[in-house]
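Engineer: Using only what follows, build the 3D model:
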Amino acid sequence: MEIEDFYLLSSKYMSLPASPQRLKKIGDFRDDTRKLIKGDYLDIDFPILFKQESYDGKKICDVLDTGYAGLYLISDTMQNILTENKLTGWKTYPIKLFDEKGNEIYGYSGFSVVGKCGTIYYKKETVLKKRRGFNTPLLKRYKGNFFDIETWDRTDFFTPENAFWIGTSSKAAKILMESKLTNIVASRMSEIEIPEYAILDKKLIR
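Structural biologist: Predicted coordinates for the structure are as follows:
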């Protein structure tokens with residue numbers, strides 16, 4: 001397999017300034033966010049409570065944003081699709097979800113990724129120079145997220161050692177997109193552009 005065979009999983013609404021279906025955690029998250037994303041449930045009390053912070057009145061989607069990148073709730077429909085297609089590298093945890101009036105919403109679970117790969121890095125030769133807007137300075141952007149494929153544990157969903165985004169196999173990306181699940185995006189990893197200022201550890205640029 002090549003890096004072109006991998007995708008990044010995200011939601012459509014996460015990139016919006018104010019998601020029409022954003023949730024908020026009830027209570028203190030502390031360090032639970034990172035642990036929940038990667039499926040480390042030690043010392044976490046379940047169920048985790050969430051409440052709608054904003055809602056546009058339409059039917060809520062199969063993937064719900066929590067306000068934390070990489071931390072999502074998924075519908076029973078999505079969970080059934082993952083199970084039926086024997087996709088690997090994920091598990092769910094119990095949650096309680098309430099609407100703005102305090103009524104409980106059923107049919108959702110927290111989504112964790114237990115698959116793994118090695119450190120993500122960026123190639124010097126992929127650097128681009130782009131403007132963020134008219135008459136603004138040129139900024140460096142690196143195209144593609146890279147990792148040593150030998151460090152990938154062959155699961156369909158995985159996170160790297162040094163980040164919390166969710167990677168997927170091409171098989172998983174194809175199934176998710178063909179299933180027409182709502183509020184979900186699978187972007188080819190080799191096409192992602194990362195601004196230089198977002199790469200805090202410059203040793204990752206090789």
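
Engineer: Doesn't T168 belong to a helix?
Structural biologist: No: according to DSSP: H, G, I helix; E, B strand; the rest coil, T168 belongs to no helix; its state is strand.

Engineer: Please, which helix or strand holds the nearest residue to N162 once chain neighbours are set aside?
Structural biologist: Using C-beta to C-beta, 6 or more residues apart in numbering and skipping the chain neighbours, the partner closest in space to N162 is T119 (5.0 Å). Just so you know, the C-beta spots here come from the backbone N, C-alpha and C atoms, and that holds for glycine as well. Using DSSP states H and E, no element contains T119; it sits outside every helix and strand.

Engineer: Model confidence for T119, exactly?
Structural biologist: On pLDDT, T119 comes in at 97.

Engineer: repeat for D65
Structural biologist: The model reports D65 with a pLDDT of 88.

Engineer: Could you measure from it over to K86?
Structural biologist: 27 Å (C-beta to C-beta, to the nearest Å).

Engineer: need the contact list for R131.
Structural biologist: Contacts for R131 were tallied using C-beta atoms under 8 Å, 6 or more residues apart in numbering; they are P137, L138, L139.

Engineer: And the helices in the protein, which stretches?
Structural biologist: 32-37, 76-84, 170-178 (DSSP state H).

Engineer: now the angle between helix 170-178 and the second one, please.
Structural biologist: Spelled out, it's helix 76-84. Here helix 76-84 runs at an angle of 150 degrees relative to helix 170-178 (axes from the mean of the first three to the mean of the last three C-alpha atoms, to 10 degrees).

Engineer: Other residues contacting helix 76-84?
Structural biologist: In this structure, residues lying in contact with helix 76-84 by C-beta under 8 Å, 6+ apart are D62, V63, W90, T92, G107, Y108, S109, I175, L176, S179, L181, I184.

Engineer: picking up where we left off before, thinking the residue nearest to N162 is in contact with L204, fair?
Structural biologist: Yes: between T119 and L204 there is a contact at 7.3 Å, judged by C-beta atoms under 8 Å.

Engineer: who touches both of those two?
Structural biologist: Going by C-beta under 8 Å, 6+ apart, residues that sit against T119 and also against L204 are N162.

Engineer: burial of the nearest residue to V114 once chain neighbours are set aside, as a residue count?
Structural biologist: Nearest residue to V114, sequence neighbours excluded (C-beta to C-beta, 6+ apart): G39, at 4.2 Å. Other residues lying near G39 total 18 when counted by other C-beta atoms under 10 Å.

Engineer: any idea how far G39 lies from K91?
Structural biologist: In terms of C-beta to C-beta, G39 sits 6 Å off from K91.

Engineer: again with C117
Structural biologist: Separation of C117 from K91 (C-beta to C-beta): 17 Å.

Engineer: more crowded one of D65 and K86?
Structural biologist: D65 (25 against 8).

Engineer: and that one, what are its bridge partners?
Structural biologist: For D65, the beta-bridge assignment (DSSP bridges) gives partners Y72.
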